[in-house]
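Peer 1: missing the sequence, but the structure's below:
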């Protein structure tokens, strides 16, 4: 019984508060309407109309999958940087598996929460990589985002 009474009290308080907000909004709205009528009654010196800028007509492109094309699922890797290469990084992942991670153009690379170039990473940095494993190329990984942490 006590929980029911408490819930009823909360609903009643919310209803009273909402009514107060509604009454206040109605009063402000009525005031604005009254001010607008006064502003409309004064003659305007010049009436300008704005034309919206021209927008390009949207085009619809139907995305049709190519027969036989396989979409690689997005996955993540976690590990530590073994070595920094010219085109990417060698990563020692979970289970002792080696990966060669190549960042995609425009990939986001962060070190301790700040954007950094790929050259800013060092051997021993802990990393988490988001991207796609390359089919037919074991150990190759195309990265969309690389987040590193240095102690």
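Peer 2: Okay, I see it. Just so we're clear, the structure is a prediction, and the values are computed from it rather than from any experiment.
Peer 1: model confidence over the biggest strand by length in the chain, on average?
Peer 2: Determined from DSSP state E, the single longest strand within the chain is strand 98-111. Across strand 98-111, the average pLDDT comes to 93.
Peer 1: Each with direction, which strands does that strand pair with?
Peer 2: Sheet pairing of strand 98-111 (DSSP bridges) gives strand 89-93 (antiparallel), strand 114-115 (antiparallel), strand 140-149 (parallel).
Peer 1: Please identify the deepest-packed of these.
Peer 2: When those are scored by mean count of other C-beta atoms under 10 Å, the highest mean neighbour count falls to strand 89-93 (a mean of 20). (Each C-beta comes from the backbone N, C-alpha and C, glycine too.)
Peer 1: Where do the domain boundaries of this structure fall?
Peer 2: 1-43, 75-149 (automatic domain parsing).
Peer 1: Out of the ones you listed, which gets the lowest mean score?
Peer 2: Across those, domain 1-43 gives the lowest mean pLDDT, at a mean of 58.
Peer 1: which outside residues touch stretch 143-151?
Peer 2: Residues outside stretch 143-151 that contact it (C-beta atoms under 8 Å, 6 or more residues apart in numbering): 74, 81, 88-89, 101-104, 107-112, 116, 118, 121-122, 124-132.
Peer 1: closest one to residue 57 among the strands paired with strand 98-111?
Peer 2: strand 140-149 (31.9 Å; C-beta to C-beta).
Peer 1: quick one: contacts for residue 123?
Peer 2: Residue 123 is in contact with 81, 82, 83, 84, counting by C-beta under 8 Å, 6+ apart.
Peer 1: er, residue 87 actually
Peer 2: Neighbours of residue 87 in contact, by C-beta under 8 Å, 6+ apart: residue 102.
Peer 1: you'd agree it is in a helix?
Peer 2: No - per DSSP: H, G, I helix; E, B strand; the rest coil, residue 87 lies outside any helix segment and is coil.
Peer 1: tell me the phi and psi of it?
Peer 2: Note on residue 87: backbone dihedrals following degrees, to the nearest 10 are phi -100, psi 0.
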